[in-house]
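Asker: got a predicted structure here, sequence first:
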Amino acid sequence: MKYKLSNIKYQISILIAAMFFASPLKAQVMVGNLKSPNSFSLLEMDITYQKGGLRLPQLTTEGRNNLNINASDLTANGLVIYNLDTQCIEFWNDGGWVSMCSSSAKIVLDDLSRGGLGIDVTENPFPASSNSLSLIPHDTPECSDTNPYTASILSGGSYAHTVSVDASTGSFDLTMDANPSTDERMAILRVTDNCTGNYRDFLLVQDGCSILAKPGVISGPKYASTDGIGVTYSIVAVTGASSYTWILPNGWMGSSSDASIFAKPGALAQDGTISVMASNDCGSSAASTMDVKVVHGCGALIAPDTWKEFMCWNLGANYTSDPFTPSADLNGDYYQWGSKTPAATRDYIVGSWSSTVLATVYGDGTTTPSTTKSDNDPCPPGYRVPNKDEWVGVLNITYTNLNSRTNKPEGAAWVPGDTNWVGSMFGDALFLPATGWRSNNDIGDLNDRGYTGNYWTSTMVNTVSDISSNVYFSRNSTYLTGTQRAMGCSIRCIKQ
């Protein structure tokens with residue numbers, strides 16, 4: 001007994017030295033005997049004097065996965081453990097754990113959900129999102145057993161599930177719940193051939209979910225009118241996002257789970273902040289925000305961060321009609337520059353048309369854009385004819401895309417025609433019909449209705465000619481130009 005105890009201590013000391021000695025060991029080691037190991041062995045264990053076996057490291061599947069071995073690290077090939085969950089010896093080879101308990105069953109699964117034959121689920125990592133596969137053993141059962149195959153989850157049963165679909169063929173659905181972690185996780189599927197008792201284990205690998213980036217800048221207008229048609233705010237889609245959460249200020253209406261939202265402030269809406277977060281199974285990103293302001297009535301931006309209210313209709317239009325839906329009622333009257341009364345209605349000349357330029361003026365009668373309202377200004381109290389700078393701001397002539405432009409009706413042709421009712425939205429609360437113009441001849445004939453919109457400004461081009469500034473727009477363009485004052489153009493009044 002004394003000899004055996006000393007011999008055991010010797011064996012242990014040799015083993016410890018072999019495992020922990022700091023210098024590189026070039027010698028071979030024999031444990032349990034003083035004889036030399038075989039030439040091909042670095043380490044041998046002899047049981048001549050002490051009977052026993054080698055007890056491998058015992059790990060659960062989770063503990064094994066926590067070793068965090070890189071699949072591309074070939075130096076891990078040959079690593080051996082005992083899996084407490086599967087009760088099998090496993091070794092690492094070519095980027096994955098291989099079970100030595102898979103018996104001799106060569107079971108291949110066909111993936112019915114993807115129309116493939118011979119799909120090996122171990123070669124197809126599951127995405128982080130919840131998903132399912134419809135699987136069936138490829139080979140015909142070798143017996144007439146009513147349940148020739150059985151599928152079960154050995155490890156990872158809290159998130160991997162099987163449901164039998166057809167017991168006679170062994171087909172089943174395999175479902176992986178969404179992975180809420182950024183780490184990949186694994187499960188073990190065992191398919192047993194009940195005819196032979198053999199089985200095969202499949203390693204299921206599920207990707208970790210992605211941490212989402214904060215959405216980029218929110219695109220959309222800073223100002224939205226309670227009386228407008230509503231506005232769209234959007235972001236560039238975030239990679240990996242499955243949905244989005246938009247939060248609007250108090251009193252705003254709109255909802256969306258996409259990368260854009262259509263919103264409209266209600267009558268009691270407040271200024272505030274619009275925010276959006278991207279979401280997936282990992283959770284939500286940081287929020288991207290945008291400050292917005294509520295305005296009332298019809299209007300548009302005339303300069304960056306300067307929103308002005310306009311009348312909702314042209315002078316002479318039907319003021320009970322919808323100001324944002326193209327129709328004959330929105331056309332209104334035609335004015336010669338400087339006149340307090342219209343020279344023509346939508347359809348008829350008022351009295352007799354004259355090509356004579358009037359001596360009266362709008363604004364202050366100068367070439368400098370002015371907010372002065374002249375005595376001959378035809379706009380109702382509290383409103384006036386817009387000056388040149390205000391109009392070119394609205395029509396995006398000075399500032400590119402200051403007001404988003406939408407032609408209405410969508411897809412309609414812009415061609416000259418007395419009954420072609422089209423126009424453009426500038427922003428969400430100002431619709432301008434394409435009214436055309438009346439000639440500065442003695443008959444004042446109508447031109448280009450349904451093709452261009454022509455609106456007077458209160459600014460003169462110069463004080464010695466018969467020309468004043470006006471703006472006009474076609475389907476795809478906007479312009480500031482000078483026009484003979486005896487021509488007939490539309491007037492849309494701006495609030496003083």
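Answerer: Thanks, I have it. Numbering: from 1, shown residues only.

Asker: I'd say C282 and D207 touch.
Answerer: No. Counting by C-beta atoms under 8 Å, C282 sits too far from D207 to count as a contact (11.1 Å). In short, each C-beta sits where N, CA and C put it, glycine included.

Asker: domains of the protein?
Answerer: According to automatic domain parsing, the chain comprises the domains 1-54, 59-94, 102-206, 223-296, 301-496.

Asker: one step back: okay, and the common contacts of C282 and D207?
Answerer: Listed contacts common to C282 and D207 are A128; contacts here mean C-beta atoms under 8 Å, 6 or more residues apart in numbering.

Asker: and the domains of the chain, which one's lowest on average pLDDT?
Answerer: Ranked by mean pLDDT, these end with domain 1-54 at the bottom, a mean of 62.

Asker: what's the spacing between the residue nearest the centre of the chain and Y244?
Answerer: Compute the mean C-alpha point of the chain, and by C-alpha atoms, centre = their mean the closest residue is A237, 2.7 Å away. Going from A237 to Y244 by C-beta to C-beta, to the nearest Å gives 9 Å.

Asker: overlap in contacts, these two.
Answerer: When contacts are counted by C-beta under 8 Å, 6+ apart, A237 and Y244 have A259 as shared neighbours.

Asker: more neighbours, C282 and D207?
Answerer: C282 (19 against 16; other C-beta atoms under 10 Å).

Asker: which phi and psi does that one have?
Answerer: Phi and psi for C282, reported as degrees, to the nearest 10, are phi -80, psi -20.

Asker: which ones are touching the closest residue to it other than its chain neighbours?
Answerer: The shortest distance from C282 to any non-neighbouring residue, by C-beta to C-beta, 6 or more residues apart in numbering, is to C209 (3.7 Å). Neighbouring residues of C209 by C-beta under 8 Å, 6+ apart: 128-129, 178-182, 240, 280-282.

Asker: what do you get for Q28?
Answerer: Residues in contact with Q28 (C-beta under 8 Å, 6+ apart) are 36-37, 41-44.

Asker: likewise for N318?
Answerer: Counting by C-beta under 8 Å, 6+ apart, N318 makes contact with 329-330.

Asker: name the SS class of it, please.
Answerer: Of the three states, N318 takes coil under DSSP: H, G, I helix; E, B strand; the rest coil.

Asker: look up how far G332 lies from it.
Answerer: Distance of N318 to G332, given as C-beta to C-beta: 9 Å.

Asker: and F262, by the same measure?
Answerer: Remark: distance between F262 and G332 (C-beta to C-beta) = 29 Å.

Asker: for these two, indicate the residue with more neighbours.
Answerer: Per other C-beta under 10 Å, whichever of F262 and G332 has more neighbours is G332, with 21 against 15.

Asker: ok, that one touching Y319?
Answerer: No. Counting by C-beta under 8 Å, G332 sits too far from Y319 to count as a contact (9.8 Å).

Asker: can I assume D448 is in contact with W437?
Answerer: Yes. Between D448 and W437 there is a contact under C-beta under 8 Å: 6.3 Å.

Asker: overlap in contacts of the two?
Answerer: Counting by C-beta under 8 Å, 6+ apart, the contacts common to D448 and W437 are N454.

Asker: more neighbours: which of these two?
Answerer: Shown here are D448 and W437; by other C-beta under 10 Å, W437 has more neighbours (23 against 19).

Asker: residues touching G283, list them.
Answerer: For G283, the contact set (C-beta under 8 Å, 6+ apart) comprises 180, 212.

Asker: for it, name its beta-bridge partners.
Answerer: N280 (DSSP bridges).

Asker: repeat for the one 10 residues further on
Answerer: Judged by DSSP bridges, the bridge partners of K293 are Y223.

Asker: for it, give its distance to I235.
Answerer: Counting by C-beta to C-beta, the gap from K293 to I235 is 20 Å.

Asker: more crowded one of the two?
Answerer: Shown here are K293 and I235; by other C-beta under 10 Å, I235 has more neighbours (23 against 15).

Asker: these two touch, right, G96 and A71?
Answerer: Yes. Using C-beta under 8 Å, G96 is in contact with A71, at 7.0 Å.

Asker: now do the buried residues in stretch 445-457.
Answerer: 446, 448-457 (16 or more other C-beta atoms under 10 Å).

Asker: picking that back up, okay if I get the domains of the chain as CSV plus distance to G216?
Answerer: Below are the domains of the chain laid out as CSV (distance: least, C-beta to C-beta, whole Å):
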stretch, distance to G216
domain 1-54, 54
domain 59-94, 33
domain 102-206, 22
domain 223-296, 5
domain 301-496, 18
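
Asker: among those domains, which is nearest K214?
Answerer: Closest to K214 of the domains of the chain, according to C-beta to C-beta: domain 223-296, at 4.2 Å.

Asker: element containing the closest residue to W353 other than its chain neighbours, please.
Answerer: Nearest non-adjacent residue to W353, counting by C-beta to C-beta, 6+ apart: G444, 3.5 Å away. Take DSSP states H and E as the rule and G444 turns out to sit in neither a helix nor a strand.

Asker: tell me how many other residues crowd G444.
Answerer: Using other C-beta under 10 Å, the number of residues around G444 comes to 23.

Asker: ok, now T356?
Answerer: Using other C-beta under 10 Å, T356 has 11 other residues around it.

Asker: buried ones in the helix or strand that contains E44, by neighbour count?
Answerer: If you go by DSSP H and E, E44 is part of strand 43-45. Residues of strand 43-45 classed as buried: 44-45 (neighbour count, 16+ other C-beta under 10 Å).

Asker: what of stretch 393-400?
Answerer: 393-398.

Asker: of those, which is the nearest to V464?
Answerer: V464 lies nearest to I397 out of the buried residues of stretch 393-400, by C-beta to C-beta, at 25.1 Å.

Asker: SS state for that closest one?
Answerer: Here I397 is coil, with the state taken from three-state DSSP.

Asker: is it true that it touches T481?
Answerer: No. Between I397 and T481 there is no contact under C-beta under 8 Å: 10.3 Å.

Asker: what's the overlap in contacts for these two?
Answerer: Counting by C-beta under 8 Å, 6+ apart, the shared contacts of I397 and T481 are V471.

Asker: let's verify K308: helix, strand, or coil?
Answerer: Here K308 is strand, with the state taken from three-state DSSP.

Asker: burial measure for the nearest residue to D445 once chain neighbours are set aside, as a count.
Answerer: Spatial nearest neighbour of D445, excluding adjacent residues (C-beta to C-beta, 6+ apart): S439 at 5.1 Å. For S439, the neighbour count with other C-beta under 10 Å is 16.

Asker: how about the contacts made by S439?
Answerer: Applying C-beta under 8 Å, 6+ apart to S439 gives the contacts 445, 447, 487-488.

Asker: and these as TSV, adding secondary structure and distance to I349?
Answerer: Output for the contacts of S439, formatted as TSV (DSSP: H, G, I helix; E, B strand; the rest coil; distance: C-beta to C-beta, whole Å):
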residue	secondary structure	distance to I349
D445	coil	9
N447	strand	14
M487	coil	13
G488	strand	9
